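**Q** the following comprises the amino acid sequence and a computationally predicted model.
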Amino acid sequence: MIQPLHQTLYELLKQATGFIYPNEIEVHWGILVVVYPYLTGLVAGAFILASLVKVFNVKEVQSVYRLSLLTALAFLIIAPLPLLLHLGHPERSFEIFLNPNFTSAMAMFGFVYAWYLMVVLLLEIWFTYRKDIILWSKNERFMMRWIHKIISLFSTDVSEKSVIFDKKMVKVITIIGIPSAFLLHGYVGFIFGSIKANPWWSSVLMPIVFLFSAIVSGIALVILIYMIVTPSRRQEIDMACLDKMASFLFYAVIIDFSLELLDFIHRLYESEESIKILSDLVMNKLFISLGIIQVLLGMLLPLGVMVAIKFFRFDAELRKLLYFVSAILIQLGIFATRWNVVVGGQMFSKSFRGLTAYKMELTGFEGIFMALLLLVLPFIVLAILVKILPPWEPAPVSDLEAVSD
Amino acid sequence: MKKFLTKLPEQAGRLLIVFIVFIALVLLVRFLLPASLKDHNIHIQNTVATEMSRQVRYAGSEVCASCHDEYNLKKNGYHKNLSCETCHGTLKEHSENPTEIKPLVPRQRDFCTRCHAFDPSRPTGFPQINPSAHNPMKACVSCHNPHDPKPPNVPQECQACHAEIARTKAISSHVMLECTICHEVPTQHKVAPRNVKASIPAEREFCGKCHSTQSIIKETSKVDLATHGEKYLCWQCHYPHMPEVE
C-alpha cells in the first residue's frame, strides 16, 4: 500500500547505516528509472542485430531481420513511458520539442529519440515493407485493406525500378541507423557517466558499457522472441540462423564482460577516496544483484554454456534448450545491471560514510506492478505490429507477377 | 526542378509530402505558441502572474499580534522562531472573519511529536522525548504551554535533552563518569541552553589525569602525552562518549 512519505522515510531511516545526509534517505530514481534504460537498451540491441543483415550481409540472420526491426519499434514506442510516468505530467513533455534548450543533454535526447523513431526506424520499416504492403492490400478485406493502404501512403508502384530504390534506401538508412542506435543508448550511459558528484556513475566508460550491454540484451531478446514465436506458428526453427545469432551474442557478451571488468579494475587501481564506500556497497547492498545475478548468472554462466556449445557438438534440441536458458539468464543479468547502476548509485551517501536502503512500492506510479506492466506493454505492441506487418511472409511471387503483367 | 520531380520514384514523392506536412505542422505550432512559452530565461514568463492570481491563505504573525496577547508571550519563548500559522493553520480567512471562522488548535500528542519525538538526525540538545515513555496518553498542553514551552520543572538530568549522548555513554567504558566530571554546567544552561553553554575540556592534560602514563588511576588505558597525538586535543580523535570507537 502507499504510505505517507514521512512514514516511509522514517522506516527507511532505521535501515540507513553510518552517516547520511537528510536528503539521501529517499531513493528518488526508483524502479521506473531502472526499466527505462533496460527498454532503450533492447531497442538499440535489436536494431543492431537487424543492421548486421543489411550492412554486413549476414545471410543466415535474414529470417529474423523484419522481426528484429518490429521488436525495436515496439520497444521504442514504450521506452519513454517509464520516464514520463516517473516525472508526471506527460502532456508537458512536448514542450522540450517546442521550446528546445540546447545546453541540456536530457532535452537534446528528445531530438535523438525523435530522429531515431522517425528518420531511422519508421523509414526503414516503411521501405522494407512497402512492396509487400501494396501486394497484401490487393486481396484483403475492408479493414486491413485500408490500414495497409494508409500505411503505404497510397503508394501503388511495385515496378522493379521502385523496388530497387527501396532496397537502396534501406541500405542508406541502416548506415545512418547504426550511429543513431549508438547515440540512442550511448546517451543513457552519458547521462549517468557525466554526473561527476557520483563516483559510482561518473566514468567515461559508462556510455560504452551501456552500449554493449544494450547489444547483448537486444540480441538475446530477439533470440527469445524467435524461439517462442516460431514453434507457435508450427514452423521449424532455423538452426543456422539461431547458431549465428547465438555466436553474435557470445562475442557481444565477451566485449561487454571485458569492458565491465576493465571498469572494475580501473576503479580498484585508481582507488579514489570513494573506494571504501563503493566496496562496502558492492559487498553488502548489491551483493546479490551484482555479484550473483549480474556477474555469475547473467554473464559467467551463459558464457560458460556458449563456450561449451562451441567446443562440443551438441545436437540441435540440446542447443536450443541451452540457447533459450542462456538468453533468459542474460536478460535477467542485464536488468540487474541497470538496477545496480540506477539504484546502486543512490544507495551511498555523498559523505562516503553511510549507506541508505531502497524500499520498492507495490502499487502506485512508482510501484513494481507498474514496472511489470511497462515490461509487458512492448510485447502487446509487438503483437499488434506483427498482426499488421507480418514479418515472415513476403508477398507470394505470383501476386508480384500478376501486378507487373 | 520539374525534371527532378519526374525522376523521383513515386514512393519517395509521397514520403516527401508527409515530411513536408510534418515540418510545416511543427513550424505552425511554433508560430502559434504564446510568447510566454518561448522565453528561455524564465521558462514560462507569466508564472509570476499565475502565482499572484492565487488566493492568499496566510495572514502573517503581525496580524495575529493585533488581537492576541499570546503573541507577546511567544516572541520571547523557545517557540519564537515558529510562525503562528505553523501550528494554527492558514489564518487569512480567520483574520477577515474572526467570529465565524476559527483557527485550528492542535491538541493531539502526535502533533507535538512531529518535532519533539526522538530522532537521531535532530540536533543534540533539541528537546526530544520518547512518546511512549514520556507521560503516555497525557496531552502535551496539560504540562507545557505551547506559547511559552518551558519544561514544567527545570530538568535535573542532562539526558532530558541529551538523550542520545546519554544512551551512547551508557554502553561505553565512560559509563561510570558523571557528565559534570568533564563538563562544567552553569545553572543558566538549564534555562537558556543555547545562550549559556556547558564547557568542553580544552586541554590534553584534562584527559591525561586518567590516561597519561603518569596517572595514578589504575585500570585505564595509558598513553605518553609527550609523544601521542602531538598538537591535537584528545576529543578531536577519540569520541569521549564512546571512546572505544576510533
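**A** Great, that's in hand. Residues are numbered from 1 along each chain as shown, chains lettered A, B, ... in the order given.
**Q** residue nearest the middle of chain B, spatially speaking?
**A** Centroid-nearest residue in chain B, with C-alpha atoms, centre = their mean: B:Arg122, separated by 7.1 Å.
**Q** helix, strand, or coil at that one?
**A** Recorded secondary structure, B:Arg122: coil (DSSP: H, G, I helix; E, B strand; the rest coil).
**Q** residues contacting the nearest residue to it once chain neighbours are set aside?
**A** Using C-beta to C-beta, 6 or more residues apart in numbering or on different chains and skipping the chain neighbours, the partner closest in space to B:Arg122 is B:Gln128 (6.0 Å). (Glycine included, C-beta is placed from N, CA and C.) Neighbouring residues of B:Gln128 by C-beta atoms under 8 Å, 6 or more residues apart in numbering or on different chains: B:116-119, B:122, B:161, B:163.
**Q** contacting residues around the residue nearest to B:Cys179 when sequence neighbours are not counted?
**A** With sequence-adjacent residues excluded and distances taken as C-beta to C-beta, 6+ apart, B:Cys179 is closest to B:Cys158, at 4.7 Å. Contact analysis of B:Cys158 by C-beta under 8 Å, 6+ apart lists B:165-166, B:179, B:185.
**Q** up against chain A, what does chain B have?
**A** B:9-12, B:14-15, B:17-18, B:22, B:26, B:29-30, B:33, B:37-38, B:40, B:43, B:119-121 (C-beta under 8 Å from any C-beta of the partner chain).
**Q** list buried residues within those.
**A** B:9-12, B:14-15 (16 or more other C-beta atoms under 10 Å in any protein chain shown).
**Q** what strand or helix carries residue 14?
**A** Here I'm looking at chain A. Element membership of A:Lys14, judged by DSSP states H and E, is helix A:5-15.
**Q** switch to chain B, that's the one I care about
**A** Secondary-structure assignment from DSSP H and E places B:Arg14 in helix B:10-32.
**Q** for that helix, enumerate the helices and strands it packs against.
**A** Helix B:10-32 makes packing contacts with helix A:95-98, helix A:123-138, helix A:160-193 when contacts are defined by 3 or more C-beta pairs under 8 Å, 6 or more residues apart in numbering or on different chains; DSSP states H and E.
**Q** what angle sits between the second one and helix B:10-32?
**A** Same thing as helix A:123-138. Put simply, helix A:123-138 runs at 120 degrees to helix B:10-32, going by axes from the mean of the first three to the mean of the last three C-alpha atoms, to 10 degrees.
**Q** got the angle between helix A:123-138 and helix A:160-193?
**A** Orientation check (the same axes, to 10 degrees): helix A:123-138 against helix A:160-193 gives 140 degrees.
**Q** buried residues of helix A:123-138, list them for me.
**A** When neighbours are counted by 16+ other C-beta under 10 Å, the buried residues of helix A:123-138 are found to be A:123-137.
**Q** which one of the residues you listed sits closest to chain B?
**A** Proximity of those to chain B (C-beta to the nearest C-beta) peaks at A:Arg130, which lies at 5.9 Å.
**Q** distance check, the closest one against B:Thr50.
**A** 49 Å (C-beta to C-beta, to the nearest Å).
**Q** same check on B:Pro146?
**A** In this view, B:Pro146 and B:Thr50 are 36 Å apart by C-beta to C-beta.
**Q** which of the two has more neighbours?
**A** Neighbour count, other C-beta atoms under 10 Å in any protein chain shown: between B:Pro146 and B:Thr50, B:Pro146 has more, with 19 against 10.
**Q** re the thing from before, nearest to A:Pro37 among the contacts of B:Cys158?
**A** A:Pro37 has its nearest neighbour among the contacts of B:Cys158 in B:Ile165, at 45.2 Å by C-beta to C-beta.
**Q** and the pLDDT at that closest one?
**A** Looking at B:Ile165, its pLDDT stands at 84.
**Q** and the one 4 residues further on, by the same measure?
**A** Looking at B:Lys169, its pLDDT stands at 88.
**Q** hang on, it packs against B:Tyr239?
**A** No - with contact defined as C-beta atoms under 8 Å, B:Lys169 does not reach B:Tyr239; the gap is 10.1 Å.
**Q** with neighbour numbers in mind, choose between the two.
**A** Using other C-beta under 10 Å as the criterion, B:Lys169 and B:Tyr239 rank with B:Lys169 on top: 21 against 14.
**Q** so how far is B:Lys190 from that one?
**A** For B:Lys169, the distance to B:Lys190 equals 19 Å [C-beta to C-beta].
**Q** could you redo the contacts of B:Gln128 as JSON lines and give each row secondary structure?
**A** Output for those, formatted as JSON lines (three-state DSSP):
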{"residue": "B:His116", "secondary structure": "helix"}
{"residue": "B:Ala117", "secondary structure": "strand"}
{"residue": "B:Phe118", "secondary structure": "coil"}
{"residue": "B:Asp119", "secondary structure": "coil"}
{"residue": "B:Arg122", "secondary structure": "coil"}
{"residue": "B:Cys161", "secondary structure": "coil"}
{"residue": "B:Ala163", "secondary structure": "helix"}
